[in-house]
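A.B. asks: Sequence and predicted structure, then a few things I'm wondering about:
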Amino acid sequence: MVTKCRRSRTSFTEEQLKILVQAFSQNPYPGYTAKQRLAVEINTEESRIQIWFQNRRARHGFLERPKKNLDHTSPKEKIPDGRDRRCRTSYSSSQLQTLKNAFTENPYPGIDSREQLAEKIGVPESRVQIWFQNRRSRLRIQRKRGLEEASDQRQNQGQDL
DNA sequence: CCTAATCTAATCACCCTCGGGGTGATTAGCTCATTAGG
């Protein structure tokens, strides 16, 4: 078996889907505790719930208004959940070192590598995935900023002369 | 095919500590992102 790139597709049962769809119609932006509750209820991981809601919002656009025109109830019902987030993960310096080393070797680890890494540093795989996303993103920004500064310097030099 | 998984870019939230950088978490993606597995 070669190292796998993607997580294998999870297939939800009709029963699970029914519960998810129901929850989505009530609130397309569930907070962390709501997602966790759902995960327990349908016996899956919270990260799968998160992905499912992301995809559903993208596809269906949550514009399906089940209520026609008489939902002038409470204006703060559809707030995209300001407060209820997952607790920030804090990495120890040795955990960070492990992550950084892995990143240098491969900034796009597949599911197998991520899971290995996750077990090694004792953190959920989903957190490892997020860490790599953020690191890639910030490295790109950093690199772009570096280029801009270099060209700014060139421009300044030109003006000075 | 259908849709879960993945990606980038932008933004929010919180920390540390007094002004703004650092970084984990969340979101959108527009003729509604792309890729790919069952």
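C.D. replies: Alright, I've got the coordinates.
A.B. asks: Distance check, residue A:22 against DNA strand B.
C.D. replies: Going from residue A:22 to DNA strand B by C-beta to the nearest atom of the strand, to the nearest Å gives 15 Å. From N, CA and C alone the C-beta is placed, and that goes for glycine too.
A.B. asks: hmm, stretch A:34-52 touching DNA strand B?
C.D. replies: Yes - counting by C-beta under 7 Å from any atom of the strand, DNA strand B has neighbours in stretch A:34-52: A:48, A:50, A:51, A:52.
A.B. asks: neighbours of the second one, just the number please.
C.D. replies: The local packing count at residue A:50 equals 17, with neighbours defined by other C-beta atoms under 10 Å.
A.B. asks: List the residues that contact it.
C.D. replies: In this structure, residue A:50 makes contact with A:35, A:126, judged by C-beta atoms under 8 Å, 6 or more residues apart in numbering.
A.B. asks: Low-confidence ranges, chain A, go.
C.D. replies: Low-confidence segments of chain A (pLDDT under 70): A:1-3, A:61-82, A:148-149, A:151-161.
A.B. asks: Nearest residue to the middle of it?
C.D. replies: residue A:130 (5.8 Å; C-alpha atoms, centre = their mean).
A.B. asks: what about residue A:131, how many residues close to it?
C.D. replies: Neighbour tally, residue A:131, other C-beta under 10 Å: 23.
A.B. asks: Contact partners for it?
C.D. replies: Counting by C-beta under 8 Å, 6+ apart, residue A:131 has contacts A:91, A:99.
A.B. asks: No further queries at this time; thank you.
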